[in-house]
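Participant: Provide a 3D model corresponding to the input given below.
(2 chains)
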Amino acid sequence: MEPVIVIEHLCKRFGPNIVLDDFNLVVRPEENVVVLGKSGVGKSVLIKCIIGLLRPDSGRVSVLGQNVPDLGHDELDRLRAKVGFLFQSNALYDSMTVRKNLEFPLRRHWIEISQDKVDAMVMEALENVGLAHTIDEMPEELSGGMRKRIALARTLILKPEIILYDEPTTGLDPVTGKEISTLIVEIRKKYHTSSIIISHDMHCVKLVSDRIAVLVNGKCHAQGTYEELGSSTDREVKQFFE
Amino acid sequence: MIPSAKFRRFLGEAGELSAFAGRFFSQAPRPRFEWEELARQCYTIGYRSFPLVGLTGFIMGLVLTMQLRPSLVSYGVDSQLPVMVGVAIVREIGPVITALIFAGKIGSSIGAELGSMRVTEQIDAMEVSGTNPFKYLVVTRVVAATLMLPVLVILSDAISLYGAYIGVNIRSVTSFSLFFRQIFDSLSFGDVLPAFIKTFLFGFAVGMVGSHQGYHSSKGTEGVGRSANSSVVISSILIFIIDLVVVQVTDLLGLN
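Facilitator: Numbers count the residues shown, from 1 in each chain, chains lettered A, B, ... in the order given. Have a look, this model is predicted:
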């Protein structure tokens, strides 16, 4: 099967700071790939290049067969409807209710859905994360774990083929972190999604990963399953598993 | 001579703000139009600012009258008090003071709100969700500020004149109709029109500066505070610059 994401020779720098330097990665259908790396090495920059929020300096970022940097505004918008993005900070619109937050991705001008269908989609997405009762609440009234689930529900509302998770368990207690990790596994099973998960929470990594890519000095330093990398003698890889 | 770093930073900021305004004019006329958000912003920016603007307007009219009276009495022209207060409020003090209060309340609020949305990635989330965040957040706020400030100035002027009427009646007795007839008889087209037009420019400046500072906010919560603060400072300075330019232009056009 054709890979859903192909990243080739990706380079991105901010001024003199080289963040991604000839980075390569392939994600296959229904595969969960974890990108592991220390804070500030450019993991979030990588997924922002994939979704088109940042423009790479050079290299290819092919998503579902389309090279993201080459896409025009409308093409990029249509591609983004197939790619969900869970932000590290959840990025819930705090002036809107949970319902309005979930309806927001459906505002695209080329999507025509009746209000009944919108209501059904919102309810389904909320039921998937077990929070249907919060539909009319404001994000500030919810706990950190609930906000993360609502953000995940918003990501799921258009049933994306690919989901990019930016540190999904950061800032959560271990129990809630495990619940979110389990949810990520269930979503893949239910919707057959492919995912890139940015994380350095090793409990989450163990639970959700099919494959792990270790990002060091802007390059994909090592790749393998949790077990393969766990037994690696490479100093850069080993430090995450100690 | 090489310009200092501060001057270069000022030029850079001015260039960025001009480019931001250019982006506003290029995107505002294009669909999709965010009517619902515009109405919400008009309510927040206009209606919710009314109590503050009304209260300050009332005090401004009252105090101005009480302060002017002794000087006019010493020249024996205290009968001209309504005319002086009326012209001062309608032409200058009403629009400028209301715009400065507006900059403090709305400029800082837009700067802080957009700044906080920037640092919590809500603006990125909007972009990923297929909504143009510039149109949804910036265009609506700038248009609402541009439309609402003139309305607030008219209301503030009216309340201010009422405050002045009470101020006049503290030490003497003047009828309501006489007081306002004196004011309206003394006001000409050249007094009202430039004052009204400049309120649109003030509103645009406050909306634009607040949005620019917030939209380009960085460095976390510290950056949000800085965006709110600089929104007020820059828009207040711009209000005085616009006022100066409008006065010069109306003078050249013979409207003064």
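Participant: which parts of the longest helix along chain A are buried?
Facilitator: In chain A, assigned by DSSP state H, the helix with the most residues is helix A:174-191. The neighbour-count check on helix A:174-191 (16 or more other Cβ atoms under 10 Å in any protein chain shown) flags A:176-181, A:183-184, A:187-188 as buried. (Glycine included, C-beta is placed from N, CA and C.)
Participant: other residues contacting it?
Facilitator: For helix A:174-191, contacts defined as Cβ atoms under 8 Å, 6 or more residues apart in numbering or on different chains pick out A:30, A:32, A:128-129, A:144-145, A:148-149, A:152, A:156, A:159-160, A:163, A:165, A:168-169, A:172, A:193, A:195, A:197, A:201, A:203-204, A:207-208.
Participant: quick one, whichever helix or strand comes after that helix and helix A:174-191 angle?
Facilitator: Using DSSP states H and E, the next helix or strand after helix A:174-191 towards the C-terminus is strand A:194-198. Angle of strand A:194-198 versus helix A:174-191, following axes from the mean of the first three to the mean of the last three Cα atoms, to 10 degrees, is 160 degrees.
Participant: and strand A:194-198, does that touch chain B?
Facilitator: No. Strand A:194-198 lies out of reach of chain B by Cβ under 8 Å from any Cβ of the partner chain, never closer than 13.4 Å.
Participant: by contact count, what packs against that strand?
Facilitator: Applying 3 or more Cβ pairs under 8 Å, 6 or more residues apart in numbering or on different chains; DSSP states H and E, we find strand A:194-198 packed against strand A:17-27, strand A:32-36, helix A:43-51, strand A:162-166, helix A:174-191, helix A:202-208.
Participant: tell me which of those lies nearest to residue B:253.
Facilitator: Residue B:253 sits nearest to helix A:43-51 of all the helices and strands packed on strand A:194-198, at 51.5 Å, using Cβ to Cβ.
Participant: residues contacting the nearest residue to residue A:206 once chain neighbours are set aside?
Facilitator: With Cβ to Cβ, 6 or more residues apart in numbering or on different chains as the criterion, residue A:206 has its nearest non-adjacent residue at 5.3 Å, and that residue is residue A:226. Neighbour list for residue A:226: A:205-206, A:209, A:212 [criterion: Cβ under 8 Å, 6+ apart].
Participant: apply 10 Å and report the result again.
Facilitator: For residue A:226, the contact set (Cβ atoms under 10 Å, 6 or more residues apart in numbering or on different chains) comprises A:34, A:202, A:205-212, A:241.
Participant: residues contacting the residue in the stretch 151-256 of chain B that chain A sits nearest to?
Facilitator: Here the stretch 151-256 of chain B gets closest to chain A at one residue, residue B:220, 10.8 Å apart by Cβ to the nearest Cβ. For residue B:220, the contact set (Cβ under 10 Å, 6+ apart) comprises B:115-116, B:119-120.
Participant: same deal with residue A:140?
Facilitator: A:92, A:94-95, A:147.
Participant: now distance to residue A:119, neighbour count and secondary structure too, for those, in TSV please.
Facilitator: Below are the contacts of residue A:140 laid out as TSV (distance: Cβ to Cβ, whole Å; neighbours: other Cβ atoms under 10 Å in any protein chain shown; DSSP: H, G, I helix; E, B strand; the rest coil):
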residue	distance to residue A:119	neighbour count	secondary structure
A:92	19	25	coil
A:94	22	16	coil
A:95	21	15	coil
A:147	22	23	helix
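Participant: in the residues you listed, find the pair that's most separated.
Facilitator: Using Cβ to Cβ, those span at most 14.5 Å, a distance reached by A:95 and A:147.
Participant: how far away is residue A:126 from residue A:111?
Facilitator: For residue A:126, the distance to residue A:111 equals 19 Å [Cβ to Cβ, to the nearest Å].
Participant: what does the stretch 101-250 of chain B put close to chain A?
Facilitator: B:113, B:116-117, B:119-132, B:136 (Cβ under 10 Å from any Cβ of the partner chain).
Participant: next, count neighbours for residue B:216.
Facilitator: Counted with other Cβ atoms under 10 Å in any protein chain shown, residues neighbouring residue B:216 total 16.
Participant: residue contacts, residue B:184?
Facilitator: B:82, B:86, B:90, B:161.
Participant: low-scoring stretches of the stretch 1-150 of chain B, by residue?
Facilitator: B:1-2 (pLDDT under 70).
Participant: all helices of it, in order?
Facilitator: Counting by DSSP state H, counting those that start in this stretch, one finds helices in the stretch 1-150 of chain B at the ranges B:5-27, B:35-45, B:50-75, B:81-88, B:94-102, B:108-119, B:122-128, B:133, B:140-171.
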